Structure formats: structure tokens, C-alpha cells
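*Asks:* This is a predicted model, with the sequence first.
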Amino acid sequence: MALVKYLKSSDLKSWLAELAQKNSVFAPRYEGDSVIFAPFDPEQEIFIKNAATAPPKKTVFPQSEKLVDFKYSKDPEDLSRILIDAKENLPEGTAIVFGGRPCDVRGFTMFDRVYMSEEATDIYYKTRRDNTSFITLACDSTENTCFCNWVNSSPSDPTGSDVLAIPVGDGLLLKAVSDRGESLLTSKLLSDGESRIGEGEKVCKEAAESLSQVQDLSNAPQKLLEVFDSIEFWEDVSAKCLSCGACTYLCPTCYCFNITDETKGLQASRIRSWDNCMSALFTMEASGHNPRPTKAHRLKNRVGHKFSYYPDLHDGVISCCGCGRCIKSCPAGVDIREIVLKAIEFEPTVVEG
Ligand code: SF4
Ligand code: SF4
């Protein structure tokens, strides 16, 4: 049986401080009005009441990262030749992310299929992924924007985690999910948790039951293809969208990026930064042509990618973990659930000839 421990809430900071002796530890805390994942600071309160405003995506896939430094020099023997000396900036050290939610951490498995596939591996992503452990907080309550149960998950789904922490009494029941997770549960601050397993199961069951009724999305991939050419449909569902991009930046499964070179004299850095398919410039080509010229085209891509094209490439797995952040954060009230359900109900207009 998997190792199960118990941690009193009053010992949480001490435990994270122990883990921080050998690892970078990230935990959710307030910054302004938002809860974000930041390096653990014992002076700051850790926020574990609900999911953070932003997922811990940046701990493995930074918002902006320097991939390569390079400098140019001329060959003194042949001045027409330019030499380039390049140095990769691979991430170093190990990290522990405490307090991500099951949907957040499962989100990394969507990245894995793309950035660590048999065909190609992104070494920057892989290095961080391999060196990061996740102590995930099961949800003991849910919000009306949560729908992890629609996408084959649950408020206590351990997928992608190393330890699942379940709020029980005045503390956390810590269940090892992986060997790496077991190695994180050796502190003297932890007591045996087996006697509280039943309480943990009750918390998980009640949270699962508090979610809205599961909707069958099995034919969403096909129906989204059928509605692909109906611009009226996409104009209707995107009418309120402001193209602000909040939905993509806060999404734990959005993984698009842009690459830029920043030069200073003969030195330069290659930078990777998150990009956003809801932005008008995302697909702008050098010729001036834009294959996704309107927000209707862009929203079609965002929804279609998550609920149709990705599942088509990856054994039917929907690339949305149901965290509901895009719904909660959208200033215009666009609800991805409504769009998918509407697409499932869509019947093409038959033109009588
Ligand atoms: S958050 Fe809402 S308004 Fe902003 S781009 Fe996304 S759908 Fe549009
Ligand atoms: S599409 Fe929305 S609900 Fe789905 S994972 Fe992204 S932010 Fe969460």
C-alpha cells in the first residue's frame, strides 16, 4: 500500500522549509488581488483555500525564458566568415510545487504529449519536468466554474502528481503517488496517516459529488469538425470576446510560445515567451495575410484545438482539464462549456435546392 502520512496545518511551513533546504519550493500566495505560485517564503501566508488565480504552469514552462546565449565574432583569418559561439541555458536544480490542484497538475500531462513525444523532445521543458515534484492539493470544495468531471478527471485525481494532499481535520493527509513522492514524506514532522484514510476518502467523495452533472463530450471532436465551416456559429459564440487573451495565459494546458532574439552589439539571447492564439497577431504572416483574421476564427481554433484536434492526435484525450479558469477570468463572460455543448447540438442548415 502507498505510504500515507499526516501533517498538522501548524507544521506546514516548517515542512516546506525543510523541503526548501534542497529544492526550490513554490507555493500559492497572494500578490495584489491574485493568488499565484511564488518561491516559498516562510514570512508569507500560503493560500490553500481554493485554486490559485493562475496555475503553476510557469514553474515548468516559464512565462519567458532565455534558451541560448550567443555571440558573434569575425574570423581574423577570413573577415567574411562570422563565427557564432552559442551556449544553452539549461535549467538547473530540483523544484517542488506545493498546492497545485489536480486539474493544474494533470495539465502538464497535456504538455508532455507534445514536448516529450517520441518524435521530438523539448530539452528545456523536459529538464524542468524531470526535476520537478508535485505535492498536489485535492479540492475539498468546488466552484460553479469547475468541470473536471466532464473531462475524465476528479477533484482528487492524482494524475501527474507525486503526493496527493487531502485536507482532513486540521491538517493534510499526504498520500504518496510515486516513488519520488514517497521520498518527500520522510520528515519527522509527519505522523502515520493510515487511521485517517477513511476521512480523506469522505472529503474526496463529497467534493466529487458537489460538481455539476457530467456531460458526455465523447462526440465533441467530431461535432467541432462539423461546425468548422459555419462562420455564423463562431461569430455568435465569440461575439462578446474582447481578444484580451486572459483565457490562454491562465490556462494550465495552453502551451503556445514565440521565439525572439534580443541582440546587444555582437551578443544576443534567444528568448522563448508564452504566446496567445486569441491575439490577432498570433497567425499574422510576413506577407500581411492572416489566416485567422477575426476573433471568430481565433476562438474556433482555441476550442477546436482542445476538444477536437488534440484528442484526434492523442488517443481521444481532451486537452482541457476543466479547471474553469478561462470562464472565471473572462471579462466578457465567454464560457467554453457552453460553446462545446452548443457545438455538440449543432445541426447544419439544410439548403433546399
Ligand atoms: S478571456 Fe474572454 S474576452 Fe478575453 S480572449 Fe478569452 S474569451 Fe475573449
Ligand atoms: S480551457 Fe479553460 S477550463 Fe479548460 S484547462 Fe484551459 S482554462 Fe481550464
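*Replies:* The structure has been received and is ready for your questions. Ligands and ions are numbered 1, 2, ... in the order given.

*Asks:* Show residues contacting the helix or strand of the chain with the lowest mean pLDDT.
*Replies:* Ranking every helix and strand in the chain by mean pLDDT, DSSP states H and E puts strand 78-88 at the bottom, with a mean of 91. Here strand 78-88 makes contact (C-beta atoms under 8 Å, 6 or more residues apart in numbering) with 67, 68, 69, 70, 71, 72, 73, 74, 75, 123. From N, CA and C alone the C-beta is placed, and that goes for glycine too.

*Asks:* And for the last one, nearest residue in space, chain neighbours not counted?
*Replies:* Excluding its sequence neighbours, the residue lying closest to residue 123 (C-beta to C-beta, 6 or more residues apart in numbering) is residue 90, at 6.6 Å.

*Asks:* rewinding a little: now for the contacts of strand 78-88, which pair is the farthest apart?
*Replies:* 74 and 123 (30.1 Å; C-beta to C-beta).

*Asks:* and the closest residue in space to residue 58 that isn't next to it in sequence, what element?
*Replies:* The shortest distance from residue 58 to any non-neighbouring residue, by C-beta to C-beta, 6+ apart, is to residue 37 (7.1 Å). Using DSSP states H and E, residue 37 sits in strand 34-39.

*Asks:* Just the residues contacting that strand, thanks.
*Replies:* 24-29, 31, 44, 47, 50, 52-56, 58-59, 97, 99-100.

*Asks:* Keep only those of those that are in strands.
*Replies:* 24, 25, 26, 27, 28, 29, 31, 97 (DSSP state E).

*Asks:* quick one: contacts for the last one?
*Replies:* Listed by C-beta under 8 Å, 6+ apart, the contact set of residue 97 reads 25, 26, 37, 56, 59, 105, 132, 133, 134, 135.

*Asks:* Wait, the first one touches residue 99, no?
*Replies:* In other words, residue 25. No - if you go by C-beta atoms under 8 Å, residue 25 and residue 99 don't touch, sitting 10.1 Å apart.

*Asks:* more neighbours, the two?
*Replies:* Neighbours of residue 25 and residue 99, each counted by other C-beta atoms under 10 Å, are more numerous for residue 99; the result is 25 against 22.

*Asks:* Verify the contact between the more buried one and residue 48 for me.
*Replies:* Yes - at 5.7 Å, residue 99 counts as touching residue 48 under the criterion of C-beta under 8 Å.

*Asks:* The strand holding residue 37 - which strands sit beside it in the sheet, and in what orientation?
*Replies:* Partners of strand 34-39 in the sheet, by DSSP bridges, are strand 24-31 (antiparallel).

*Asks:* buried sites along the strand it pairs with?
*Replies:* 24, 25, 26, 27, 28, 29 (16 or more other C-beta atoms under 10 Å).
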